[in-house]
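Novice: predicted coordinates and the sequence they were generated for:
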Amino acid sequence: MEEKELIERLKRNDRKAQEEFVRKYSGFLFNVALQILRRKDLAEDVAEDTLLIGLKKIGSFRGKSKLSTWLYRIASNRAKQVILSEMRKDALKEKIADSPDANDFVPSEYKKSGKKEIIWKGMEFLKDSDREIITLVDIQNLKYEEVAEILGVPIGTVRSRISRARERLKKIIEERNFFEGELSNK
């Protein structure tokens, strides 16, 4: 179903449209949250919260952007709220240090490819803004125009940020010699 039709049906509380909405956007929202939070459990919660907020507030969606852009903003704001909440509890640093999810979690689809797993691990060492741009462009395969709209920046900024982020990721992977074992198997 096309986005416009999906939105109209969601506004009428159509059950099938709600199922389609969840099916279509749950993975995307999980990945957005995971890249910000770096914890699977919190990312799942944020993705679920975002879907519920989206369904509840669909009536206020004006259609000036794509639905995915609107949901991305909700998810990223919600994830940032979670970070602030965790920091207020003064537990975030302890959880990151002690949590296997924080340092060892690699999505199953990345474990199938050694090179993808290496890239995922390399992203751990990037700053949030670099992870965000790589996730949107290279993992979610969004067009630069869509990323510019999501982030609220000019398209030229997207181009320069993705270029710099890719360079930093490459440098991290090379410096930490992540490919040594992978390349020796070839």
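Specialist: Structure received.

Novice: ranges for the strands of the chain?
Specialist: In the chain, no strands are found when defined by DSSP state E.

Novice: where do the helices of it begin and end?
Specialist: Here the chain has its helices, by DSSP state H, at 3-11, 15-37, 40-57, 67-88, 92-98, 100-104, 108-111, 114-123, 128-134, 144-151, 155-175, 180-184.

Novice: from the middle of its chain, how far away would the fourth one be?
Specialist: In this case it means helix 67-88. When distances are taken as Cα atoms, centre = their mean, to the nearest Å, helix 67-88 is centred 10 Å away from the chain's centroid.

Novice: show me what that helix is packed against.
Specialist: Counting by 3 or more Cβ pairs under 8 Å, 6 or more residues apart in numbering; DSSP states H and E, the packing neighbours recorded for helix 67-88 are helix 3-11, helix 15-37, helix 40-57, helix 92-98, helix 144-151. Placement of C-beta: from N, CA and C, glycine included.

Novice: in TSV, list the helices of the chain along with mean neighbour count.
Specialist: As requested, these are exported to TSV (neighbours: other Cβ atoms under 10 Å):
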stretch	mean neighbour count
helix 3-11	15
helix 15-37	18
helix 40-57	18
helix 67-88	18
helix 92-98	12
helix 100-104	12
helix 108-111	11
helix 114-123	18
helix 128-134	19
helix 144-151	19
helix 155-175	15
helix 180-184	10
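
Novice: now these as CSV including mean pLDDT?
Specialist: Formatted as CSV, these follow (pLDDT from 0 to 100):
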stretch, mean pLDDT
helix 3-11, 94
helix 15-37, 93
helix 40-57, 95
helix 67-88, 85
helix 92-98, 48
helix 100-104, 47
helix 108-111, 53
helix 114-123, 77
helix 128-134, 87
helix 144-151, 88
helix 155-175, 92
helix 180-184, 49
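
Novice: minimum distance to Lys127: which of the helices and strands packed on helix 67-88 has it?
Specialist: Lys127 lies closest, by Cβ to Cβ, to one member of these: helix 15-37, at 11.7 Å.

Novice: not counting sequence-adjacent ones, nearest residue to the residue nearest the centre of the chain?
Specialist: The centre of the chain sits closest to Val32, judged by Cα atoms, centre = their mean, with a distance of 1.6 Å. Nearest non-adjacent residue to Val32, counting by Cβ to Cβ, 6 or more residues apart in numbering: Ala75, 4.7 Å away.

Novice: related to what we said a few turns ago, can I get the helices and strands packed on helix 67-88 in a markdown table with distance to Lys121?
Specialist: Below are the helices and strands packed on helix 67-88 laid out as a markdown table (distance: least, Cβ to Cβ, whole Å):
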| stretch | distance to Lys121 |
| --- | --- |
| helix 3-11 | 35 |
| helix 15-37 | 14 |
| helix 40-57 | 15 |
| helix 92-98 | 16 |
| helix 144-151 | 23 |
